[in-house]
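Q: Just to be clear, the model below is a prediction. Sequence and coordinates:
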Amino acid sequence: MRSIYVREKNNQGKWKPRRIKEGRGVKTGDLVGPFYIRPFINGKQGWRPLQAQTFQEAKTEAELARNALDAHGKGLTVAEAASLTGNRTTVRAAIDAYLEQASSKAPKTVAQYKTALEEFFDAIEGVNIRFNHDLPGHHRQRETAQQY
């Protein structure tokens, strides 16, 4: 996920950006906009304001912006990207998301997770599995999860 920023006045009266920190024990529920992100567009990084008024909305909007820019960088429009994947999650995206979530764990743990998941990805890549729903047993896992 991209960093989200707010602008605050410092002691000299100048506006300075401050990255919003997230994590255990950090309260973000009372933050209000305007919020900003710093995406790379055509090789240049610039400030882009978000329309969101709450931090939770800003996180969602920043993720949408990231997805749109990633698709654009690969030569796709957002509509084309959605039609290609059918709103399915790729195995690569799921692995990246899991590793991002696990990044707060111990460095050796993260390294082991990364090694195991990269080996798994290399193995399934050879049999042309791109999406989570293509994995064997995926439907059984969803049915079991829905029972609970």
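A: Arrived safely.
Q: pLDDT below threshold where in the chain?
A: 1, 29, 42-43, 73-88, 128, 130-134, 137-148 (pLDDT under 70).
Q: give me the element Arg24 is part of.
A: Using DSSP states H and E, Arg24 maps to neither a helix nor a strand.
Q: For it, grab the count of nearby residues.
A: Other residues near Arg24 number 5, with proximity taken as other C-beta atoms under 10 Å. Where C-beta positions appear, they are placed from N, C-alpha and C, glycine not excepted.
Q: Might you report the residue contacts of it?
A: By C-beta atoms under 8 Å, 6 or more residues apart in numbering, the contact set of Arg24 is Ser104.
Q: That one and Ser104: what is the separation?
A: 8 Å (C-beta to C-beta, to the nearest Å).
Q: Then Asn11?
A: 32 Å.
Q: If you count surrounding residues, which of those two has more?
A: Between Asn11 and Ser104, counted using other C-beta under 10 Å, Ser104 has the larger neighbour count: 10 against 5.
Q: I'd like the distance between that one and Glu119.
A: Distance from Ser104 to Glu119, counting by C-beta to C-beta: 23 Å.
Q: Also Trp47?
A: The value you get for Trp47 to Glu119, if C-beta to C-beta is used, is 40 Å.
Q: With Lys16 instead?
A: As defined by C-beta to C-beta, Lys16 lies at a distance of 44 Å from Glu119.
Q: what's the helix or strand where Ala71 lies packed up against?
A: For Ala71, the element it lies in under DSSP H and E is helix 55-73. Counting by 3 or more C-beta pairs under 8 Å, 6 or more residues apart in numbering; DSSP states H and E, the packing neighbours recorded for helix 55-73 are helix 78-85.
Q: Thank you kindly, that will do.
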